[in-house]
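Engineer: Here is my input; please provide its structure:
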Amino acid sequence: MKAYEQIGRRLQQAREEAGMSQEELANVLGYTQSSLSNYELGKRRLYFTDLQRIGQILGKPITFFLDDANEESLELSDLEATLRGPYLKDILNASRDLKPAQRKAVLDYILWQKSKTGGAK
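Structural biologist: Take a look at the predicted model:
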């Protein structure tokens with residue numbers, strides 16, 4: 001998925017969470033509804049200053065739109081294949097009841113382990 005598409009999906013998600021239609025948000029921003037649609041579909045590029053303004057209107061930090069925008073996401077088939085590997089299901093099940101900060105600590109530990117081994121599998 002391209003970065004523009006990811007940002008567009010996040011924009012649509014934020015707009016919907018705010019309970020706004022495309023037309024309503026477009027009017028507030030001074031855009032046409034079709035322009036906003038193109039941003040949400042990732043067909044047009046949004047500039048950083050526009051994202052900041054949209055974030056303020058929708059009550060989202062700029063990072064909401066940018067997180068993971070440049071990372072490759074796993075396709076469902078890749079995720080299913082990965083889950084068949086040893087221990088991953090156990091790790092996910094064990095972390096299910098953890099608080100967000102605890103999950104972050106687990107992720108940090110995994111990334112630390114990965115960096116020590118050079119990402120070896």
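
Engineer: how distant is the longest helix along the chain from the center of its chain?
Structural biologist: When the chain is parsed with DSSP state H, its longest helix is helix 100-116. Counting by Cα atoms, centre = their mean, to the nearest Å, helix 100-116 is centred 19 Å from the centre of its parent chain.

Engineer: quick one: contacts for Gly59?
Structural biologist: Ala18 (Cβ atoms under 8 Å, 6 or more residues apart in numbering). For every residue, glycine as well, the C-beta is placed using N, CA and C.

Engineer: I'd say Gln33 and Arg15 touch.
Structural biologist: No: counting by Cβ atoms under 8 Å, Gln33 sits too far from Arg15 to count as a contact (11.7 Å).

Engineer: Comparing these two, which residue is more hemmed in?
Structural biologist: Just comparing Gln33 and Arg15: by other Cβ atoms under 10 Å the higher neighbour count belongs to Arg15, 21 against 14.
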